[in-house]
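Trainee: got a sequence here, can you build the structure:
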Amino acid sequence: MTYEIFITAAAERDLLRASDHIAFVLKNPQAADDLLDEAEAQINSLAEFPEKFKLVDDPVLASWGIHFVMVNGYHAFYVISEATYRVIIVRFLFQKSNWTVILRQGFSLL
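Mentor: Down below sits the predicted model:
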């Protein structure tokens, strides 16, 4: 079974902010392009086997079913909907950010 990949508006904003920061603040447009390419590849790979990446270590977030995949120093956080065969990317955050606090504040599945 192939799962549909859905990226929330928040995750899309996160990804664009990360790319813009790398391209314009760090002045490395090639690294920004590489990040976008790798994010696309890693996220699309979830369509075939979304369970291949583990749940987050935080017990509260794990109880919500949040998984993550690492992408060039960032984490793409996602949940799996078995009912609709969807992988929902909820956030895309720098791995050294306080992502536990950010995710515990809640997130939209839209």
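Trainee: from now on I want contacts and neighbour counts done on CA atoms only, so please keep to that.
Mentor: Fine.
Trainee: shaky segments in the chain?
Mentor: Applying pLDDT under 70 to the chain picks out no residues at all.
Trainee: next, count neighbours for the closest residue to residue 68 other than its chain neighbours.
Mentor: Closest residue in space to residue 68, ignoring its immediate chain neighbours: residue 77 at 4.3 Å, by C-alpha to C-alpha, 6 or more residues apart in numbering. Look at residue 77: counted by other C-alpha atoms under 10 Å, it has 22 neighbours.
Trainee: in the chain, which spans are helices?
Mentor: In order along the chain, the chain carries the following helices (DSSP state H): 9-20, 29-45, 59-63, 99-104.
Trainee: circling back: if I look at the residue nearest to residue 68, how far off is residue 51?
Mentor: Counting by C-alpha to C-alpha, to the nearest Å, the gap from residue 77 to residue 51 is 12 Å.
Trainee: which one is residue 73 nearest to, not counting chain neighbours?
Mentor: Using C-alpha to C-alpha, 6+ apart, the nearest residue to residue 73 is residue 95, at 5.7 Å.
Trainee: what sits against the one you found?
Mentor: Contact analysis of residue 95 by C-alpha atoms under 8 Å, 6 or more residues apart in numbering lists 73, 74, 75.
Trainee: most distant residue from the centre of this structure?
Mentor: Centroid-distance maximum for the chain: residue 27 at 23.4 Å, with C-alpha atoms, centre = their mean.
Trainee: for it, grab phi and psi.
Mentor: When read as degrees, to the nearest 10, the backbone of residue 27 gives phi 60, psi 50.
Trainee: from residue 97, how far off is it?
Mentor: Separation of residue 27 from residue 97 (C-alpha to C-alpha) stands at 21 Å.
Trainee: next: residue 52.
Mentor: On the measure of C-alpha to C-alpha, residue 52 and residue 97 end up 24 Å apart.
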